[in-house]
Every structure is written in structure tokens, then in C-alpha cells.
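S.K.: I'd like to go over a predicted model; first the sequence, then the structure.
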Amino acid sequence: AQSVTQLGSHVSVSEGALVLLRCNYSSSVPPYLFWYVQYPNQGLQLLLKYTTGATLVKGINGFEAEFKKSETSFHLTKPSAHMSDAAEYFCAVTPSDDAGKSTFGDGTTLTVKP
Amino acid sequence: ETGVTQSPTHLIKTRGQQVTLRCSSQSGHNTVSWYQQALGQGPQFIFQYYREEENGRGNFPPRFSGLQFPNYSSELNVNALELDDSALYLCASSRDRAAYNEQFFGPGTRLTVL
């Protein structure tokens, strides 16, 4: 079984400030980890994913995340927030031995202040 | 390349009725997953279909059933609707059932049960 915890349901930053969205997971087998973004009235869009290899993963729109196995974390960061980053962000885990069961966190709403 | 489409966009039903939601997968994708997203929560995995066969199921009762067609489009059927079934239903397709694959989401169907 697996689970995902996103710390902070709402995060507010100023434009140009660092964005840090936290994700911790639990998984009984090596996980594949994903971050998705959801804009209002739209479906989810993949930002980045970790499967194997390099633990620092770069995604679209300047986002990156680091897989830390010892901390069971996969936090999402962006050095400088832009107004267009305002959206809801979801962390998800898929067990590497069971493609059919992805588990999502409850999401973090990011607000960017001018 | 056509993305994932879902129909209808919105639906209002009364308790006890039955509903069918439809999803067209992205071109070249043979795997479809369905999720329920309640207000303020992350998507909850309902089930996945791979090449017309169910490939995994989440913790949903049997009144949630699905189907995948030879063209890989899919239906989600819910019988005996309950008030708690009110949610956004998301369909996602992927190239195949491998756990590391990105899922491409449709915009969702908003179901309201009165």
C-alpha cells in the first residue's frame, strides 16, 4: 500500500520568491513519483516525474523536485514564482510493481501575490 | 494529436439513478484510468483498463463499473447514485500500463447528485 501527504493545503508567495511545495510518501515497494498541476476547470498536467536514476528531476515551467529516499520526500521547488504559477499542485505515487494504482495527495493551492 | 476528451461536461442526477460517463483516450494510448475528485481532495483511483481488460481497482464498491472499447475509449458507469458520489470524475490515458508512464488527463465531468 502507498500514501501521499502534502504538507500545507495553501501556500502563498510573492512574485519572484522561492516556491516550495512539500510532499512525503510511503510505499512498500520502490515508488515512481509525479507532480501534476491543475488550473481551474482543467485536467491535471504533468510537471515532472521521478522513475529511476538522477534524484534531482527538472520539469516544465522551471520547476524541479528532488527524490530523497531517506526522508521519503519529493518536494517541488521553483526559484522564482510567476503569477501564472497560481494553481493547484498534486503529488502522486505509483508503486513500481502495480501500474494500476496511483495515489494522489490532497493537493496544495499556490497563490502568487504581485 | 487530439488530447483526452470527456463527456458530458456537467451532469445532474438524483439519488438512486444511474449514470454513464465517457472518455476518449489520446491517440496511440491503450490504457485508461478513472479517478473521482471530491471537492478539496486529490483524485482517488477508481480503476484502470488496459486493452479492454481491468488492470487494477481502487476501494470503490461494485456499483462503480467500467468498460473499454476496441478503440480504447472508455465508459464509467455508476449505479444507485448516492449523494457522496457528487464529484469531478477524471479520465486519464497513458501509452501503456507501465507504472512510470505519464498520465494525460481530460478536463473531467462534474457530477452532482441531488
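M.R.: Noted; the coordinates are in hand.

S.K.: got the residues of chain A near chain B?
M.R.: Contact residues (Cβ under 8 Å from any Cβ of the partner chain) of chain A with chain B: A:4, A:6, A:9, A:32, A:34, A:36, A:41-46, A:49, A:51, A:90, A:92, A:94-107. C-beta: built from backbone N, CA, C; applies to glycine.

S.K.: Mind doing that once more with 6 Å?
M.R.: Contact residues, chain A versus chain B (Cβ under 6 Å from any Cβ of the partner chain): A:32, A:42-44, A:46, A:51, A:90, A:94, A:96, A:99-102, A:104-107.

S.K.: ok, and residue 11, which helix or strand is that part of?
M.R.: Here I'm looking at chain A. Taking DSSP states H and E as the criterion, residue A:11 maps to strand A:10-14.

S.K.: Chain B, not that one
M.R.: Assigned by DSSP H and E, residue B:11 falls within strand B:10-13.

S.K.: which secondary structure elements does that strand contact?
M.R.: strand B:109-113 (3 or more Cβ pairs under 6 Å, 6 or more residues apart in numbering or on different chains; DSSP states H and E).

S.K.: Extract the CA atoms of the strand it packs on and return them as CSV.
M.R.: Only the C-alpha atoms of strand B:109-113 are listed here, as CSV (Å, rounded to 0.1, in the frame of the first residue of the first chain):
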residue,chain,number,x,y,z
THR,B,109,-17.1,15.5,-15.8
ARG,B,110,-18.7,17.3,-12.9
LEU,B,111,-21.5,15.1,-11.4
THR,B,112,-24.0,16.5,-9.0
VAL,B,113,-26.3,14.1,-7.2
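
S.K.: still on that earlier bit, so what strands line up beside the strand holding residue B:11?
M.R.: The strands beside strand B:10-13 in its sheet (DSSP bridges) come out as strand B:109-113 (parallel).

S.K.: Rounded mean pLDDT for the partner strand, please.
M.R.: Averaging pLDDT along strand B:109-113 yields 97.

S.K.: So which bits of that strand are buried?
M.R.: Within strand B:109-113, the residues that count as buried by 16 or more other Cβ atoms under 10 Å in any protein chain shown are B:109-111, B:113.

S.K.: For the residue sitting nearest the centre point of chain A, which non-adjacent residue is closest in space?
M.R.: With distances taken as Cα atoms, centre = their mean, residue A:35 lies nearest the centre of chain A, 3.4 Å away. Once flanking residues are discounted, residue A:35 sits nearest to residue A:47: 4.4 Å by Cβ to Cβ, 6 or more residues apart in numbering or on different chains.

S.K.: for the buried residues of strand B:109-113, which one is nearest chain A?
M.R.: residue B:110 (9.3 Å; Cβ to the nearest Cβ).

S.K.: Report the residue spans of chain A with pLDDT below the cut-off.
M.R.: A:99-100 (pLDDT under 70).

S.K.: so where do the strands sit in chain A?
M.R.: A:2-5, A:10-14, A:19-21, A:24-27, A:31-38, A:44-50, A:56-58, A:64-68, A:73-78, A:87-95, A:103-104, A:108-113 (DSSP state E).

S.K.: The fifth one packs against which elements?
M.R.: Using 3+ Cβ pairs under 6 Å, 6+ apart, the elements in contact with strand A:31-38 are strand A:44-50, strand A:87-95.
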